[in-house]
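Participant: sequence first, predicted coordinates after that:
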Amino acid sequence: MRIMIIGGGKVGYYLAKTLAAEHHSIMVVESDPVRCQRIVRELNSKYIEFTCGDGTVMHILEEAGILRAETLIAVTGRDQNNLAACQLAKSCFGVKMTIARVNNPKNIRVFEKLGVDSVVSSTDRIAGIINQELDWSEVNLLFKARTGGVRIREALVSAGSPLRGRRLAELGLPQGLIIVSVLRGSEAIIPNGETTLEPGDYVVAMGGAEQLAEVCDAFTRE
């Protein structure tokens, strides 16, 4: 899928990194030259294009390739900019799907009424996107209430991960962390020590928050 991301801050950075790892074609538009240089340097991928400019200006969107985009995701720190980018994408360029981040949850209904296809509040779901968490909200709430520290997360095994091609028994996982499932294509594998991880696998892991962060980073590292 061809996806344009407006905003190269923390949210846009991790969205671009995650989606590019799944071989989507990504176009990032960021107005801050310093931030733009950083993400160009750090997200060096054949699947990502970069444009330094204002994502609410029509000619900048055209230069960035919006006519090729099937989806636009606006995740700047300003709700009005995210709304403007989505409206331009829909009304002027015919983009099929628009997704906007809102910093103020009170704006969700306004965005929806004004035609944004999907509205995400940065106070809840955006954190899940950054951390590549599944929609396990009720499960995680239960773990938090009962244990205080156990979480469940999903991570994509990247082509450059040091853990690819290795059996689970060889990974030396932290004590208390378990791999619940390995999702490979349409197959859900209940793993054992002999299960080998392949690039493109989604690993569902459960354990302490710090342990999960460390292990999931190793799965996705390039």
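Facilitator: Sure, I can see it. Numbering: from 1, shown residues only.

Participant: okay, the residue nearest to Ala74 when sequence neighbours are not counted: pLDDT?
Facilitator: Nearest residue to Ala74 in three dimensions, chain neighbours excluded: Asn82, at 3.7 Å (Cβ to Cβ, 6 or more residues apart in numbering). In short, each C-beta sits where N, CA and C put it, glycine included. pLDDT recorded at Asn82 is 95.

Participant: how far does whichever strand or helix holds Asn82 sit from the chain's center?
Facilitator: Assigned by DSSP states H and E, Asn82 belongs to helix 79-93. Centroid separation for helix 79-93 versus its chain: 20 Å, with Cα atoms, centre = their mean, to the nearest Å.

Participant: contacts for it, please.
Facilitator: Applying Cβ atoms under 8 Å, 6 or more residues apart in numbering, the contact partners of helix 79-93 are 4, 6-7, 55-56, 58, 61-62, 66-67, 69, 72, 74-76, 95, 98-104, 107, 110-111, 114-116.

Participant: narrow those to those in helices?
Facilitator: 58, 61-62, 110-111 (DSSP state H).

Participant: now the farthest one out in the chain, which residue is it?
Facilitator: Farthest-out residue of the chain from its mean C-alpha position, per Cα atoms, centre = their mean: Glu194, at 29.6 Å.

Participant: is it in a helix, a strand, or coil?
Facilitator: What DSSP: H, G, I helix; E, B strand; the rest coil gives for Glu194 is coil.

Participant: contacts only, for it.
Facilitator: The contact partners of Glu194, by Cβ under 8 Å, 6+ apart, come to 167-169.

Participant: one more time with 10 Å
Facilitator: 167-170 (Cβ atoms under 10 Å, 6 or more residues apart in numbering).

Participant: could those residues be laid out in CSV, adding secondary structure?
Facilitator: Formatted as CSV, these follow (three-state DSSP):
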residue, secondary structure
Arg167, strand
Leu168, helix
Ala169, helix
Glu170, helix
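
Participant: contacts for stretch 214-222?
Facilitator: 14, 17-18, 20-21, 43-45, 131-133, 153-164, 171, 173-174, 177, 179, 197, 201-203, 205, 207-208.

Participant: buried residues in that stretch?
Facilitator: 215-216, 219-220 (16 or more other Cβ atoms under 10 Å).

Participant: please, a PyMOL command that selects the buried ones among the contacts of helix 79-93?
Facilitator: Buried residues within the contacts of helix 79-93, by 16+ other Cβ under 10 Å, are selected in PyMOL with:
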select buried, resi 4+6+7+55+56+61+66+69+72+74+75+76+95+98+99+100+101+102+107+111+116
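
Participant: which residue packs closest to Ile73, ignoring adjacent ones?
Facilitator: Nearest to Ile73 is Ile99, by Cβ to Cβ, 6+ apart, at 4.5 Å.

Participant: the one you found and Ile3 touch, don't they?
Facilitator: Yes. If you go by Cβ atoms under 10 Å, Ile99 and Ile3 touch, sitting 9.3 Å apart.

Participant: want to throw the ones in helices among the contacts of helix 79-93 into a markdown table with pLDDT and distance to Glu49?
Facilitator: As requested, the ones in helices among the contacts of helix 79-93 are exported to a markdown table (pLDDT from 0 to 100; distance: Cβ to Cβ, whole Å):
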| residue | pLDDT | distance to Glu49 |
| --- | --- | --- |
| Met58 | 95 | 18 |
| Leu61 | 96 | 13 |
| Glu62 | 95 | 13 |
| Val110 | 91 | 31 |
| Phe111 | 92 | 26 |
